[in-house]
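[1] Here is a sequence with its predicted model. Questions after.
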Protein chains: 2
Amino acid sequence: MDDARDVPVDEFKHAGVRALDWIASYLSDPDRFPVLPPIEPGAVKAALPESAPDNAEPLDQILDDYERVVVPGITHWNHPSFFAYFGITGSAPGILGELLSSALNVNAMLWQTAPAATELEAVALDWLRQLLGLPAGFAGVIMDTASVSTLCAVAAARHALSELEIRERGMSGRDDLPLLRLYTSEQAHSSVEKAALVLGLGQRGVRKIPTDNAFRMDAAALEAAIDEDASAGYRPFCVVATVGTTSTTSIDPVPEIARICERRDLWLHVDAAYAGSAAIVPEYRHLLAGCDAAHSIVVNPHKWLFTPIDCSALYTRDAATLTGAFSLVPEYLRTSVDGEPTNYMDWGVSLGRRFRGLKLWMVLRAFGAEGIRKRLANHIEMAQRFAAWVDEDPGFERLAPTPLSVVCFRARPPELSSDATADGAAADARLNEFNEKLLQRLNASGEVYLSHTRLNGKYALRLAIGNVRTTEAHVTRAWELIRTTASAVLDQWQT
Amino acid sequence: MDDARDVPVDEFKHAGVRALDWIASYLSDPDRFPVLPPIEPGAVKAALPESAPDNAEPLDQILDDYERVVVPGITHWNHPSFFAYFGITGSAPGILGELLSSALNVNAMLWQTAPAATELEAVALDWLRQLLGLPAGFAGVIMDTASVSTLCAVAAARHALSELEIRERGMSGRDDLPLLRLYTSEQAHSSVEKAALVLGLGQRGVRKIPTDNAFRMDAAALEAAIDEDASAGYRPFCVVATVGTTSTTSIDPVPEIARICERRDLWLHVDAAYAGSAAIVPEYRHLLAGCDAAHSIVVNPHKWLFTPIDCSALYTRDAATLTGAFSLVPEYLRTSVDGEPTNYMDWGVSLGRRFRGLKLWMVLRAFGAEGIRKRLANHIEMAQRFAAWVDEDPGFERLAPTPLSVVCFRARPPELSSDATADGAAADARLNEFNEKLLQRLNASGEVYLSHTRLNGKYALRLAIGNVRTTEAHVTRAWELIRTTASAVLDQWQT
């Protein structure tokens, strides 16, 4: 029964070579598409049939539609002028890693179901741990995203409150459970609050600590909040510090926070999803200072380590508590070699686990430690240069320090801000409107894609560098475009 | 600065063709490796350096090591004689989909960051919805695994208890929260209980309902349990029914369960991760009877729909409640087109989302509805034939009905079970030991890989069919091997 088999191998090979050629041309001419596509919601859907075809279609025809319908609707995260959110890279070795993983199609839930995937995941994570300068006591596991890594870490923190028996008794229908509180800064990523929602801690279970003028968690305020809550009968149990916040890449004072957590026996989780990778560069090794005292830390190779989405590395020095929170082994998942080797299904929510270690291993080898350092340092250098341009231009201002590769700034045309000293709020409102227009116009150009944030009420543009195909020419061009577009918006504004 | 860029495109292309050739040969000669590799824990790790290399290594060298170190440690889920757990397929179109996704490397968190990925995901899921015969009111989202889909569904069920304000107030530090209870059968997948652990419902928050002699949830017992709990002041809020349980692929009586949920206003989630796909075959359309009344349902294309891991489709007819449980939109994630199109980050835990819709779309097109039906029907046919062989052989017995493509059975050599009527328990203990040995010996052969479960105290072998490269010859050979191995184990046993 031939139509019970896969697509013929010859057709696969032919289509595979076509796909590879497309990718090679995509990677070698990465500017060829607008970074943000000029399409309206619904356009892609409208170009596709309403139902699946009854009969098999040739791979060539599907690839035709890929080029005709899909590509024109892509926001190109792999474009060198993608400066939004965090710059990321789907690198050549990472792409090949995904290709091979999907062909093997192993499920790395148990050692027995995936010996090489399990061990390669552990090995690649240990290589990365060494590069990051984390102590040997940290063991790793790959999750899809930092959202899930942080969820799992906070679940472990909750499980560490063993006397509360939450795994067995749950949190509802009890009057003996104090309010559990988690602390994180006002600048922390929304995934921290989302983890609290999922875990049943609620928004009330998250206390957001103010930050200093550089958007770093105020450790004294943290300590006071914990003490206040403890006095009120609440149960502080976890602090999530951030190394590289999403808005400004600010670095919380982890050594101080770690001391506070140690004194009060709280679980410290560090969200270093973006900035952790920078610790691979000797000059930035200090970024992870204090993290050796953390209970868990997440670093995302799919952010600033050239690995295709998704790949989030969660490290913990208390794997027993993490697996204690999650492990459930029904009969059908027992094997004759359990106990000795790692069964990663016990480390988190998902039973099914893709072979993500392969692409990470390939990226680490294909670039090498030195190559990674050079690339990261180059991104930081380019961002610092951009920050200097902003500082030197009287029509612009930076809105936050630039410790790494993300610059937060705004246009501040003298024409719109001359009365700023008289009425700061009114000037800010005007500047916010102006910068929002500026961002829309920039992104509509298709030449660059930036995102934004809001800092102390000020609408800030964010230029984030993290793609290995981004060169100084791209950054220079972005700056030129930003300046000319700001002038154009100003002209319109004044008429 | 050349070493700040990606691996040169020529090298990528050369290595890409080599990887494609390897995959083509892998797919065309899928029996060439032992399905379960003959290696000891630690062997892969021992073959690898202890640290990442300092300098970049050529892709060719990495591929050498892939073949030398990784492949010999692979459990081949893509092998036609992989009969363990559930048979799955990394199909040619799915592999190409992953290849292209990883090159685009988009993050489908927001419509604006991934218009085509967002819309293609919705379109592919709507095509699949139609194939499954679910009503148009069901909207879908792709998660990594059914574990996460079920977690999100139960989170939505909890959020539907809006008067309890769990999102805002959480579940701890309250004395006004009744014990929340979730109901599922004793045969349900461990991911249901895991979801309860994560959500803070605890093991006490899960009540496992007994099953009938065909391992289906006893609806009368469910109703009685709900009433009993309600009388005790607990708050029943969710039922998770299973269409295709993991041990035996039994089908819970969803129409009856749906009526119970409707009467009591409980959220009904259906775990059809494996068996849902079979509803694409007209003769098996009835499998999803009653599911139109469910609030959510999960079907995994990475299980029995030829899509590489990971791809789990979660459908709900109450997307507002699902997003209500999860949505958090900080300033840096606002865009000018929010509200109108779907922002999938609001539908679950993970903010970062791989472009998984592409591979599903390619699989649906490359096989077509008819092609999918034929393949699924073929798997069921082969399993039914195997079940008949078991039934006809006096040395074997089936331990559960075989509604689909998984056969649960055991060897029952007359020599070991002659006194079964006199002392069933003693005979079962002997047979359990015998079948465990049999499984170990079979799997050590490298020719087949089966898994096991335990049914009413009996150790059962599971033969699961679901790979498109599995032919009748593979199933015939498996049966021959099972019989001869059982004879060999018996010979040893008796000496």
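    In hand now; what should we look at?

[2] Report the contact partners of residue A:164.
    When contacts are counted by C-beta atoms under 8 Å, 6 or more residues apart in numbering or on different chains, residue A:164 touches residue A:177. For glycine as for every other residue, the C-beta is placed from the backbone atoms N, C-alpha and C.

[3] Now do the phi/psi pair for it.
    phi -80, psi -10 (degrees, to the nearest 10).

[4] so how far is residue A:228 from it?
    Counting by C-beta to C-beta, to the nearest Å, the gap from residue A:164 to residue A:228 is 21 Å.

[5] can you give me the helices for the stretch 201-350 of chain A?
    Listed in chain order, the helices found in the stretch 201-350 of chain A under DSSP state H, counting those that start in this stretch are A:219-231, A:254-264, A:301-304, A:319-326.

[6] Look through the stretch 201-350 of chain A and state the residue closest to chain B.
    Closest residue of the stretch 201-350 of chain A to chain B, C-beta to the nearest C-beta: residue A:202 (2.4 Å).

[7] Contacts only, for residue A:28.
    residue B:9.

[8] Check the gap between it and residue B:51 for me.
    Distance from residue A:28 to residue B:51, counting by C-beta to C-beta: 32 Å.

[9] Spell out which residues of the stretch 201-350 of chain A are next to chain B.
    A:201-205, A:234-235, A:246-247, A:300, A:302, A:306, A:308-310, A:312, A:325-326, A:328-333, A:336-337, A:340-341, A:349-350 (C-beta under 8 Å from any C-beta of the partner chain).

[10] Now the nearest residue to the residue of the stretch 201-350 of chain A closest to chain B once chain neighbours are set aside. Its backbone dihedrals?
    Spatial nearest neighbour of residue A:202, excluding adjacent residues (C-beta to C-beta, 6 or more residues apart in numbering or on different chains): residue B:170 at 2.4 Å. Phi and psi for residue B:170, reported as degrees, to the nearest 10, are phi 70, psi -170.

[11] okay but residue B:170 is in contact with residue A:198, surely?
    No. When contacts are counted by C-beta atoms under 8 Å, residue B:170 is not listed as touching residue A:198 (11.0 Å).

[12] Put the alpha carbons of the worst-scoring helix or strand of chain A on mean pLDDT into PDB.
    The weakest-scoring helix or strand in chain A, judged by mean pLDDT, DSSP states H and E, is helix A:414-417 (a mean of 87). Taking C-alpha atoms only, helix A:414-417 is exported to PDB below (Å, rounded to 0.1, in the frame of the first residue of the first chain):
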ATOM      1  CA  PRO A 414      14.000  71.300  20.600                       C
ATOM      2  CA  GLU A 415      10.900  72.600  18.800                       C
ATOM      3  CA  LEU A 416       8.700  70.300  20.900                       C
ATOM      4  CA  SER A 417      10.600  70.300  24.200                       C
END
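
[13] Output the longest helix belonging to chain A.
    helix A:357-392 (DSSP state H).

[14] How about the contacts made by residue A:447?
    Counting by C-beta under 8 Å, 6+ apart, residue A:447 touches A:34-35, A:81, A:477-478, A:481.

[15] Chain B: which of those is nearest?
    Using C-beta to the nearest C-beta, residue A:35 comes nearest to chain B of those, at 10.9 Å.

[16] Contacts only, for the closest residue to residue A:23 other than its chain neighbours.
    Counting by C-beta to C-beta, 6+ apart, residue A:23 lies nearest to residue B:103, which is 4.3 Å off, once chain neighbours are set aside. Contact analysis of residue B:103 by C-beta under 8 Å, 6+ apart lists A:23, A:26-27, A:78, A:90, A:95, A:308.

[17] In helices only, show me the residues you listed.
    Among these, the residues falling in helices (DSSP H) are A:23, A:26-27, A:95.

[18] And the helices in the stretch 51-200 of chain A?
    Secondary structure of the stretch 51-200 of chain A (DSSP H, counting those that start in this stretch): helices located at A:59-65, A:92-104, A:115-132, A:146-159, A:166-169, A:190-198.

[19] could I get the ones you listed as CSV with mean pLDDT?
    Formatted as CSV, these follow (pLDDT from 0 to 100):
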stretch, mean pLDDT
helix A:59-65, 98
helix A:92-104, 98
helix A:115-132, 98
helix A:146-159, 98
helix A:166-169, 97
helix A:190-198, 97
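
[20] Output those in JSON lines; the columns should cover distance to residue B:109.
    Compiled in JSON lines, the helices of the stretch 51-200 of chain A are given as follows (distance: least, C-beta to C-beta, whole Å):
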{"stretch": "helix A:59-65", "distance to residue B:109": "24"}
{"stretch": "helix A:92-104", "distance to residue B:109": "19"}
{"stretch": "helix A:115-132", "distance to residue B:109": "24"}
{"stretch": "helix A:146-159", "distance to residue B:109": "10"}
{"stretch": "helix A:166-169", "distance to residue B:109": "30"}
{"stretch": "helix A:190-198", "distance to residue B:109": "11"}
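
[21] quick one: residue A:40 from residue B:111, how far?
    For residue A:40 relative to residue B:111 (C-beta to C-beta), the value is 11 Å.

[22] Most neighbours among the contacts of residue B:103, which one?
    Most neighbours among the contacts of residue B:103, by other C-beta atoms under 10 Å in any protein chain shown: residue A:95, with 32 neighbours.

[23] ok, now which ones touch the nearest residue to that residue once chain neighbours are set aside?
    Once flanking residues are discounted, residue A:95 sits nearest to residue B:102: 4.7 Å by C-beta to C-beta, 6+ apart. Counting by C-beta under 8 Å, 6+ apart, residue B:102 touches A:90, A:94-95, A:98-99, A:308-309, A:359.

[24] what does residue A:326 give?
    Counted by C-beta under 8 Å, 6+ apart, residue A:326 has contacts A:152, A:155, A:346-349, B:194, B:197-198.

[25] before we move on, what about residue A:248?
    Residue A:248 is in contact with A:187, A:214-215, A:399-401, A:406, A:408, A:453, A:455, counting by C-beta under 8 Å, 6+ apart.

[26] how about 10 Å then?
    By C-beta atoms under 10 Å, 6 or more residues apart in numbering or on different chains, the residues touching residue A:248 are A:187, A:211, A:214-216, A:399-404, A:406-408, A:453, A:455, A:460, A:462, B:332.

[27] And for residue A:384?
    With C-beta under 10 Å, 6+ apart, residue A:384 has these contacts: A:402-405, A:407, A:465.

[28] Tell me the one of those nearest chain B?
    Checking those against chain B by C-beta to the nearest C-beta gives residue A:465 as the nearest, at 11.0 Å.

[29] how near is the closest one to residue A:448?
    Residue A:465 is 12 Å from residue A:448, by C-beta to C-beta.

[30] hmm, back to that, got the buried residues for the longest helix of chain A?
    For helix A:357-392, burial by neighbour count (16 or more other C-beta atoms under 10 Å in any protein chain shown) applies to A:357-369, A:371-383, A:386-387, A:389-390.

[31] okay, now the nearest residue to residue A:132 once chain neighbours are set aside: neighbour count?
    Closest residue in space to residue A:132, ignoring its immediate chain neighbours: residue A:279 at 4.9 Å, by C-beta to C-beta, 6+ apart. Using other C-beta under 10 Å, the number of residues around residue A:279 comes to 22.
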